[in-house]
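>>> Here's my sequence, what's the structure:
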Amino acid sequence: MKVVVYELLSLDGVAEDPDSFVLDWDDAMEADLAAVIATQEAVVLGRRSYTEWARFWPGSDMQPFASFINDVPKYVATSTPLDRDWAKATAIEGELVPFVRALKERPGGDIGVHASISVARVLLAAGVVDELKLVVTPRIAGRGRRLLDDLPATRLASTRAATSPTGSLLLGYRVLR
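Down below sits the predicted model:
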């Protein structure tokens, strides 16, 4: 299993509140997302992302992500009990990094990290992430939490670089160890 971080970013690296800078979603972005989730058999979310998504995705018909996220096992990094019911969601017991390392040892598909900035940062800093899949939009957010701030130097190899019809960069990187 690989740990794959998928994030939507503004040109200045902001990942927080992507609805404020992802203004155009096109077929190439849709196909890119579909390819990413096609290999994932589990997702790790932070508490905030879980709470927001548990309100939205169970009633959504935005495909292909709605079917994927509602059916996939979801592991939530939280120190408190989950306050919303959502199919196949479980709070992680213990520390995040050892949990994800153990999850990687299981047979099966990839482990996705979606939208959860703090989870992605912790896993990147710990050397647990295998791939980054990024959609960089042609917008400057100006403020908000950035995905890659305060991380240790990390070598990456490019696995994909394409431009969508609306100008977003569809980027893939493998983490080199």
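>>> How about A34: what's its closest non-neighbour residue?
Leaving aside its sequence neighbours, A34 sits nearest to P64 (CB to CB, 6 or more residues apart in numbering; 5.0 Å). Just so you know, the C-beta spots here come from the backbone N, C-alpha and C atoms, and that holds for glycine as well.
>>> Report the contact partners of that neighbour.
Shown in contact with P64 (CB atoms under 8 Å, 6 or more residues apart in numbering): 30, 33-34, 37.
>>> Name the SS class of the closest residue to V72 other than its chain neighbours, please.
For V72, ignoring the flanking residues on the chain, the nearest one in space by CB to CB, 6+ apart is V43 at 5.3 Å. Three-state assignment for V43 (DSSP: H, G, I helix; E, B strand; the rest coil): strand.
>>> again with the one 5 residues further on
Here R48 is helix, with the state taken from three-state DSSP.
>>> what sits against it?
S116.
>>> measure it to A77 for me?
According to CB to CB, to the nearest Å, R48 and A77 sit 10 Å apart.
>>> who touches both of the two?
Common neighbours of R48 and A77 (CB under 8 Å, 6+ apart) are S116.
>>> Now distance to I69 and pLDDT too, for the contacts of P64, in JSON lines please.
JSON lines is the format used below for those (distance: CB to CB, whole Å; pLDDT from 0 to 100):
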{"residue": "E30", "distance to I69": "15", "pLDDT": "95"}
{"residue": "L33", "distance to I69": "11", "pLDDT": "96"}
{"residue": "A34", "distance to I69": "13", "pLDDT": "96"}
{"residue": "I37", "distance to I69": "8", "pLDDT": "97"}
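>>> now those residues as a markdown table including neighbour count?
Putting these into a markdown table (neighbours: other CB atoms under 10 Å) gives the following:
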| residue | neighbour count |
| --- | --- |
| E30 | 15 |
| L33 | 20 |
| A34 | 13 |
| I37 | 23 |
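>>> Let me have the residues you listed in CSV, extended by distance to G108 and secondary structure.
Listed next are these as CSV, based on distance: CB to CB, whole Å; DSSP: H, G, I helix; E, B strand; the rest coil:
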residue, distance to G108, secondary structure
E30, 25, helix
L33, 20, helix
A34, 19, helix
I37, 14, helix
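>>> which element is L171 on?
In this structure, L171 sits in strand 169-175 according to DSSP states H and E.
>>> List the neighbouring strands of that strand plus their orientation.
strand 131-136 (antiparallel), strand 156-163 (antiparallel) (DSSP bridges).
>>> Just checking the distance from the last one to the centre of its chain.
Read that as strand 156-163. Distance of strand 156-163 from the chain centroid (CA atoms, centre = their mean, to the nearest Å) equals 17 Å.
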